[in-house]
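**Q** have a look; sequence and predicted model below, questions after that.
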Amino acid sequence: MANPLYRKHIISIPDFSREELELVVETAGKLKRNPRNDLLQGKLVGSCFFEPSTRTRLSFETAVQRLGGDIIGFADGGNTSAKKGETLADSIKIISSYADAVVMRHPKEGAARLASEFSSVPVINGGDGSNQHPTQTLLDLFTIRETQGTLENLTIAFVGDLKYGRTVHSLTQALSLFGARFYFVAPEQLAMPEYICEELDEKGIEYTLVDSLDDVIPLVDIMYMTRVQRERFDEAEFKKIQGQFVLRADMLKTARTNMKVMHPLPRVDEITVDVDATPHAYYFEQAKNGVYARQALLSLVLNETV
Amino acid sequence: MQYTRTVEALKQGTVIDHIPAGQGVNILRLFKLAETGERITVGLNLSSRHMGAKDIIKVENVALTEEQANELALFAPKATVNVIDNFEVVKKHKLELPESIEGIFACPNSNCISHAEPVKSFFSVRAQSKDVKMKCKYCEKVFSKDIVAVVR
Ligand SMILES: [Zn+2]
C-alpha cells in the first residue's frame, strides 16, 4: 500500500493528520541515521522561487541532490514571466509539465494552494506570503521529537513575536494534535492572535500568557525563541520591551536537563552567543534538520514506499 | 400582508422579504439580480411590524435555488424567500448558513493570490457564538462575516 503522502500536495499544516506528521518525522529520523542517495534517482524537481529565500532554497536543493534527484528552476521570480503579467496558474501548468514535483515560494498568500489546483504534479509549499511554511514546521517537529524522544504531552514556551510569526502559528497547531501545554511569552503588541487561542480553547489545550521569560524557564521542555523586530515599534515602546525577550546563558541555570532552545534563524540578539555553548542550544542542529525533514517529505511524495 | 399593499403582487418568480432595511440594494448588486434582465420590483424602508423597517425584492420569472437562498442567510438571516407560481407560494426556503460560498465576495486580504488569477473566491463558513466566520480557501485567513460580505 502506498504511503498516505504519495503524490499529495503539501500546502498547509492543518491539512495533515497526526499520523502523517508522525510519518514525516519518523522518515526524517531514518534518513538522518541512514543517508540514502537513491530515493530521488531519475526524478526531476522544479524549484520555483517567485521571491528569493536563499536559506529555504539551499535546504531544498541540498535535500534533492543528496537523494540523487535533479533540479530545475529559478531563484528569483522577479526576472521571469510573472513580471510580464503571466498568471501563476499558467506558469505552474507549464513548469509542472516538465518536473515530477514542484517546490515553490511565492510572496502572495494562497499561492501554493492555487498552484496545486493547476499543477499536474505534487506542489510543495516553501512559503506563501505570511501564510504557511509547512516544511519549517515539519523540521521543528522532527527536532522536538529528536531531542525529547516523543511529541506527546510536551510543555513548550514560544517567546518573542507571536503575532506575525507564521512558524509559531503552524507549530502550535501541529503540536496541539499531540496534547501539548503552551506558554506564550510576548509583548502585548505581539501577542498570539485570537484565532489561534480560540482554536486551542476549542480543542481543550491548555495555554498561559506570560510576560516574564525567567518564570517559564524551569517549566518547559522546549523554549522556542523568535525575533522581536524593531520596526514593529516606535522608539519609546521598543525601549520599554527591549531586553525582556532576550535569552542569556545565566538564565538557563533553572532549566530542566532535557530542555532545548530552538529558533527558526536568523537570530539577531534575542539569544546571546554565550547560550551557544550550553547543552540547551539546539538551533544550529535544527537548521541542519531542515535538510532531513525536506528529504523525508520529498521521498514520501515521490515514492510509494520509503 | 403589508407588501401586497405597497408592492404589486407577483405572478411568477421569487419574493425576498424581511430584508433588514439598507441591505436590499446590496443583495441586488451582489447576486446580480438586475443582470437577469427580468422585471424586478424593489421596496426600500417599508414599515414592518416586527422589524421596524425592511426592504423587499421581487424578481419575476426567476426561482431562487436553495443554494442562493442560503447565501442570502449571510446578510439577511431572517429574510423569507418565497418562490411564487401563478400567484401562489410553491416553495418557502428555510434559510440556513451555507457551509461554503463560492465566487460572490472578494477576499478582504489584498495580498491574497485569488485576486489576480483565473479562480473564483471560496470561503468556508462557520457560525461561532455570535459571529459568523469565513475562511478563505487560498490565503487561509479567517474573517468576520461583516468584513467579507460587503459590496466592493
Ligand atoms: Zn484570501
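**A** Yep, it's here.
**Q** got the residues of chain B near chain A?
**A** Taking Cβ under 8 Å from any Cβ of the partner chain as the contact definition, chain B meets chain A at B:109, B:111-114, B:116-119, B:128, B:136-142. Every C-beta, even on glycine, is put in place using the N, C-alpha and C of the backbone.
**Q** so where's chain B shaky on pLDDT?
**A** Under the criterion of pLDDT under 70, the regions of chain B flagged as low confidence span B:1-8, B:151-152.
**Q** so for the chain, the centremost residue is which one?
**A** Looking at chain A here, since you left the chain open. Relative to the mean C-alpha position of chain A, the nearest C-alpha, by Cα atoms, centre = their mean, is the one of residue A:136, at 1.5 Å.
**Q** buried ones only from the residues of chain B next to chain A, please, as a ChimeraX command.
**A** Here is the ChimeraX selection string for the buried members of the residues of chain B next to chain A, based on 16 or more other Cβ atoms under 10 Å in any protein chain shown:
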select /B:109,111,112,113,114,117,119,136,137,138,139,140,141,142
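**Q** which parts of the stretch 201-306 of chain A are strands?
**A** Counting by DSSP state E, counting those that start in this stretch, the stretch 201-306 of chain A has strands at residues A:207-210, A:222-225, A:260-262.
**Q** would you put the C-alpha positions of the second one in CSV?
**A** Once side chains and other backbone atoms are set aside, the C-alpha atoms of strand A:222-225 remain, and they are given as CSV (Å, rounded to 0.1, in the frame of the first residue of the first chain):
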residue,chain,number,x,y,z
ILE,A,222,11.3,23.4,24.6
MET,A,223,11.9,27.1,24.5
TYR,A,224,11.1,28.3,21.0
MET,A,225,12.6,31.8,20.5
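**Q** who does it pair up with?
**A** strand A:155-159 (parallel), strand A:260-262 (parallel) (DSSP bridges).
**Q** and those as JSON lines, adding mean neighbour count and distance to the ion?
**A** As requested, the strands paired with strand A:222-225 are arranged in JSON lines below (neighbours: other Cβ atoms under 10 Å in any protein chain shown; distance: least, Cβ to the ion, whole Å):
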{"stretch": "strand A:155-159", "mean neighbour count": "23", "distance to the ion": "25"}
{"stretch": "strand A:260-262", "mean neighbour count": "25", "distance to the ion": "30"}
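**Q** ok, which of the ones you listed comes nearest residue B:76?
**A** Checking the strands paired with strand A:222-225 against residue B:76 by Cβ to Cβ gives strand A:155-159 as the closest, at 41.5 Å.
**Q** the following helix or strand past that closest one packs against which elements?
**A** Counting by DSSP states H and E, the next helix or strand C-terminal to strand A:155-159 is helix A:166-175. Applying 3 or more Cβ pairs under 8 Å, 6 or more residues apart in numbering or on different chains; DSSP states H and E, one finds that helix A:166-175 makes contact with helix A:134-148, strand A:155-159, helix A:194-203.
**Q** pull the distance from helix A:166-175 to the chain's centre.
**A** Remark: helix A:166-175 is offset 8 Å from the chain centroid, using Cα atoms, centre = their mean, to the nearest Å.
**Q** thinking again about what came up before, any chance of the strands of the stretch 201-306 of chain A in a markdown table, with mean pLDDT and distance to residue A:24 too?
**A** What follows is those, written out as a markdown table (pLDDT from 0 to 100; distance: least, Cβ to Cβ, whole Å):
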| stretch | mean pLDDT | distance to residue A:24 |
| --- | --- | --- |
| strand A:207-210 | 96 | 25 |
| strand A:222-225 | 98 | 18 |
| strand A:260-262 | 98 | 17 |
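**Q** how about the ones you listed in TSV, adding distance to residue B:85?
**A** What follows is these, written out as TSV (distance: least, Cβ to Cβ, whole Å):
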stretch	distance to residue B:85
strand A:207-210	56
strand A:222-225	63
strand A:260-262	66
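**Q** of all those strands, which lies closest to residue B:68?
**A** Across the strands of the stretch 201-306 of chain A (criterion: Cβ to Cβ), the nearest stretch is strand A:207-210, sitting at 41.2 Å.
**Q** in the stretch 101-250 of chain A, which residue sits nearest chain B?
**A** With Cβ to the nearest Cβ, the shortest gap between the stretch 101-250 of chain A and chain B falls at residue A:110, namely 2.7 Å.
**Q** pull the residues that contact stretch A:8-20.
**A** With contact meaning Cβ atoms under 8 Å, 6 or more residues apart in numbering or on different chains, stretch A:8-20 is reached by A:4-5, A:112-113, A:116, A:119, A:122-125, A:131-132, A:134-135, A:137, A:170, A:173-174, A:177-178, A:297, A:301, B:140.
**Q** buried subset of those as a ChimeraX selection?
**A** Selection command for ChimeraX covering only the buried members of the contacts of stretch A:8-20, criterion 16+ other Cβ under 10 Å:
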select /A:5,112,113,116,119,122,123,124,125,131,132,134,135,137,170,173,174,177,178,297,301 /B:140
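**Q** which residues of chain B fall in helices?
**A** Across chain B, reading from the start of the chain, the helices by DSSP state H fall at B:2-6, B:24-30, B:66-72, B:145-148.
**Q** quick one, which of these is nearest to residue A:280?
**A** With distances scored as Cβ to Cβ, the stretch of these nearest to residue A:280 is helix B:145-148 (43.0 Å).
**Q** show me what that closest one is in contact with.
**A** By Cβ under 8 Å, 6+ apart, the surrounding residues in contact with helix B:145-148 are B:74, B:105, B:107-108, B:123, B:125, B:131-134.
**Q** of the residues you listed, keep whichever come out buried.
**A** The neighbour-count criterion (16+ other Cβ under 10 Å) marks B:74, B:105, B:107-108, B:123, B:125, B:132-134 among those as buried.
**Q** keep only those of the residues of chain B next to chain A that are in strands.
**A** Using DSSP state E, the members of those that fall within strands are B:128, B:136, B:142.
**Q** could you give the bridge partners of the first one?
**A** Read that as residue B:128. Partner residues in beta bridges with residue B:128: residue B:131, with DSSP bridges as the criterion.
**Q** distance-wise, check it relative to the ion.
**A** Counting by Cβ to the ion, to the nearest Å, the gap between residue B:128 and the ion amounts to 19 Å.
**Q** can you redo the strands paired with strand A:222-225 as CSV with distance to residue A:286?
**A** Listed next are the strands paired with strand A:222-225 as CSV, based on distance: least, Cβ to Cβ, whole Å:
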stretch, distance to residue A:286
strand A:155-159, 14
strand A:260-262, 5
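**Q** so what's the residue nearest to the centre of chain A up against?
**A** Counting by Cβ under 8 Å, 6+ apart, residue A:136 makes contact with A:127, A:167, A:170, A:264, A:290.
**Q** so which of the contacts of stretch A:8-20 also contact the ion?
**A** Residues shared between these and the neighbourhood of the ion: none [Cβ under 5 Å from the ion].
**Q** the closest residue to residue A:175 other than its chain neighbours bridge partners, please.
**A** Taking Cβ to Cβ, 6 or more residues apart in numbering or on different chains as the measure, residue A:175 lies nearest to residue A:156, with 6.4 Å between them; neighbours along the chain are not counted. In this structure, residue A:156 bridges to residue A:182, residue A:222 when assessed by DSSP bridges.
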